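Enquirer: pasted the sequence and its predicted model underneath.
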Amino acid sequence: MDFQSVDKKIDHHSTSANLSTILEFGTQINSSRIPEFVLNNILFTCLAKFLVSKGAIYLFNKKNLFLRASKGIAIEKIDQEIKIHSKSSKQKLKDSAEIARIKTKYDFQIVELIHTSDQELGILFLGKKLNGAEFNEDDVYLLQAILNISAPAIENSNFIDELKIVNQELKSKVTQIRALFEMSKEFSLLLDAKNVSKLLSYTIMGNLLVKRYTFLYKQKNMMKVLDTNFSEGSFGTDDQLDEIGQKLDEYNILTSTRADEFKEEISKSLSQIEIDLVVPMQIKNETIGLILLGRKSSGEDYSENDMEFLESLGSVAMVSLENARLFKEAIEKQKMEEDLAIGKEIQQNLFPKVIPKSIVYDISALNISSKQVGGDYYDVFRLNDKEILILIADVSGKGVGASLLMANLQAFIKSLTKFEFDLCSLTSKVNDLLVENLTPGKFITFFWGILNEDTRTIKYVNAGHNPPLLVRDKKITGLDKGGMILGVMKSLQNYNCETVPLEEGDIICLFTDGVTEAKNSTDEEYSEERLYEKILDNINCDPKTIIEKITGDLKEFSSQVEQSDDITLLIVRVNS
């Protein structure tokens, strides 16, 4: 029935009664700004005045219509929202398929639009009159008057309702800001990742009533579980969560994202472990961690305010996590530097303070320790009036550990060479002692020789070390006789020895791999060939000068690259 075209020919008695109703209704409806009161008053007035059995009011919320009040009928949940495609035409709205479906389904007779001059507010449905009579002209006039009076009241109550919501959101925002402020102070005091994650979890659970969470933190480009309250054996193991974290990291998440907004595969994985929301934890717009949250205990969806709060909280927590990481790295670096300093001090104390003087042999040595402190060791000392022992060694490892191995080696050498000995059998004994004292995987490359001033010979054993160079008449020979490196396994037989006669002008160069394996900016090694050339170029110089020439060339060669290993040289020249 269309009431817009009905002529308003109303007798005086009906008009008087209707005016009384309108005045009374207007007084009541404008006495409150509570939406429920306004809508219920409209329905009660219509039911009483028109003697109808049922009624319902739907109001617009953004695009669609939602049931806000009903009397005398139960509207099914599925029908409590009416989807509207267009509100451009009042007549089209009343005649839309969805409105018609609701009218038919619930046996409503009247459908009227509630509107102001410039805005549609909702729809009123009324059932049939109890006496079976049709709505007459007076009823039409009165209903239109009631709705005209109702429209401003509904609009005002909606405004008040929206204002309350805004106030609630504002209060919530203020509470969250205060919480963030307090949490930022708390987080700034924490330098342990476990304590940071604990405070983060308590804050989220306390403010949003969330029971299920997982925190992921990127370390060495891998998203790993930092903390989770998933019980062991339920939903997902840490490995499964790590795998989900890696997949999420590929999305480069910059804003809070609901689980169902991801692609099907990851959305399904999140659904299986009952995760509803993924929140990024960022520093300088880079996502370094993720917060995975289950549903709220209240069953409500996460609001925009909730997401903003979580993102801000995550960023504050991430700063603390990064500070904790940097603090840990600083402590470890400090310990390492202390370790290296101790190692360097031990190493330097092992080298001979004074090299023995000899009429027959001119001897010079140099060690340049790297920042990491390698395991290089050399020694020169007299055994008696006629013999000088020279040795060079390279201990596996770096730092204090390598330095302590060098100290052990020196102690063995000094104690075992106090008495008369055979170089071959003593080398085997040193090896066996080291096997008993070294941890698996540790070893020592070793060379030692005895320079005899009377016979002008060198008797040596090489235990896996870079063969020292014997330079004679611009020809180079390697001193390589001996056996396996020290400390790997006990000796099955004595090491081999070799005695080499020496001539005037001969040069013996002992070196460690820090010399030949030094690298330049193009990753090219210094090499034994370049060492040979540098020695031959300076064959007529004294040992100290030769060492200076070699180290100068090394410095020039690797000027743009930090020294990664110790450089040790020991050079002997046979005098006339």
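Expert: Perfect, I can see it now. Residues are numbered from 1 along each chain as shown.
Enquirer: could you give the number of residues near Gln28?
Expert: Gln28: 16 surrounding residues under other Cβ atoms under 10 Å. (Glycine included, C-beta is placed from N, CA and C.)
Enquirer: likewise the one 4 residues further on?
Expert: In terms of burial, Ser32 registers 15 neighbours under the definition other Cβ under 10 Å.
Enquirer: what does Lys481 give?
Expert: 15.
Enquirer: check contacts around the residue nearest to the spatial centre of the chain.
Expert: In the chain, the centroid-proximal residue (Cα atoms, centre = their mean) is Lys218; its distance is 1.9 Å. Neighbouring residues of Lys218 by Cβ atoms under 8 Å, 6 or more residues apart in numbering: Lys224, Asp249, Thr287, Ile288, Gly289.
Enquirer: from Gly245, how far off is the fourth one?
Expert: Taking Cβ to Cβ, to the nearest Å as the measure, Ile288 and Gly245 are separated by 12 Å.
Enquirer: and for the last one?
Expert: To Gly245, Gly289 is 9 Å away according to Cβ to Cβ.
Enquirer: compare these two (neighbour count), which wins?
Expert: More crowded of Gly289 and Gly245, by other Cβ under 10 Å: Gly289, with 27 against 24.
Enquirer: quick one: pLDDT of the residue nearest to the centre of the chain?
Expert: On the pLDDT scale, Lys218 is placed at 86.
Enquirer: you'd agree it is in a strand?
Expert: Yes: with DSSP: H, G, I helix; E, B strand; the rest coil as the criterion, Lys218 is part of a strand.
Enquirer: quick check: beta-bridge partners of it?
Expert: Beta bridges link Lys218 to Met223, judged by DSSP bridges.
Enquirer: contact partners for Ser527?
Expert: Ser527 neighbours (Cβ under 8 Å, 6+ apart): Thr516.
Enquirer: ok, Leu310 touching Leu292?
Expert: No: at 11.0 Å, Leu310 and Leu292 do not qualify as touching, with contact defined as Cβ atoms under 8 Å.
Enquirer: where do the contact lists of the two overlap?
Expert: Leu277, Val279.
Enquirer: all strands of the stretch 1-150 of the chain, in order?
Expert: For the stretch 1-150 of the chain, the strands defined by DSSP state E, counting those that start in this stretch occupy 55-61, 64-71, 81-82, 110-115, 120-126.
Enquirer: which residues touch the first one?
Expert: Translated: strand 55-61. With contacts defined as Cβ under 8 Å, 6+ apart, strand 55-61 is touched by 39, 42-43, 46-47, 65-73, 75, 82, 84, 87, 106, 108, 114, 120-127, 154, 158.
Enquirer: for the longest one, same thing?
Expert: Residues lying outside strand 64-71 but in contact with it, judged by Cβ under 8 Å, 6+ apart, are 35-36, 39-40, 42-44, 47, 54-60, 75, 79-84, 122-123.
Enquirer: one step back: and the contacts of Lys218, which is closest to Leu479?
Expert: For the contacts of Lys218, the minimum distance to Leu479 (Cβ to Cβ) is 52.4 Å, reached by Lys224.
Enquirer: the closest one contacts Gln246, correct?
Expert: No: counting by Cβ under 8 Å, Lys224 stays clear of Gln246, with 9.1 Å between them.
Enquirer: quick one: average pLDDT of the helix or strand that contains Val174?
Expert: Val174 belongs to helix 137-188 when assigned by DSSP states H and E. Across helix 137-188, pLDDT averages out at 78.
Enquirer: would you mind getting the angle between the helix or strand that comes right after it and helix 137-188?
Expert: Remark: after helix 137-188, the chain's next helix or strand is helix 193-208, criterion DSSP H and E. Helix 193-208 and helix 137-188 meet at an angle of 160 degrees, taking axes from the mean of the first three to the mean of the last three Cα atoms, to 10 degrees as the criterion.
Enquirer: please enumerate the strands of the stretch 251-400 of the chain.
Expert: With DSSP E, counting those that start in this stretch as the criterion, the stretch 251-400 of the chain has strands spanning 257-258, 277-283, 286-293, 361-368, 376-382, 387-395.
Enquirer: nearest to Glu264, of the ones you listed?
Expert: Going by Cβ to Cβ, the one of the strands of the stretch 251-400 of the chain nearest Glu264 is strand 257-258, 14.0 Å.
Enquirer: residues of whatever helix or strand Gly401 lives in that come out buried?
Expert: Per DSSP H and E: Gly401 is located in helix 399-416. For helix 399-416, the neighbour count (16 or more other Cβ atoms under 10 Å) marks 399-410, 412-413 as buried.
Enquirer: would you list the residues you listed in a markdown table and tack on distance to Met205?
Expert: Conversion of the buried residues of helix 399-416 to a markdown table gives the following (distance: Cβ to Cβ, whole Å):
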| residue | distance to Met205 |
| --- | --- |
| Gly399 | 45 |
| Val400 | 46 |
| Gly401 | 46 |
| Ala402 | 50 |
| Ser403 | 51 |
| Leu404 | 50 |
| Leu405 | 53 |
| Met406 | 56 |
| Ala407 | 55 |
| Asn408 | 56 |
| Leu409 | 59 |
| Gln410 | 61 |
| Phe412 | 62 |
| Ile413 | 65 |
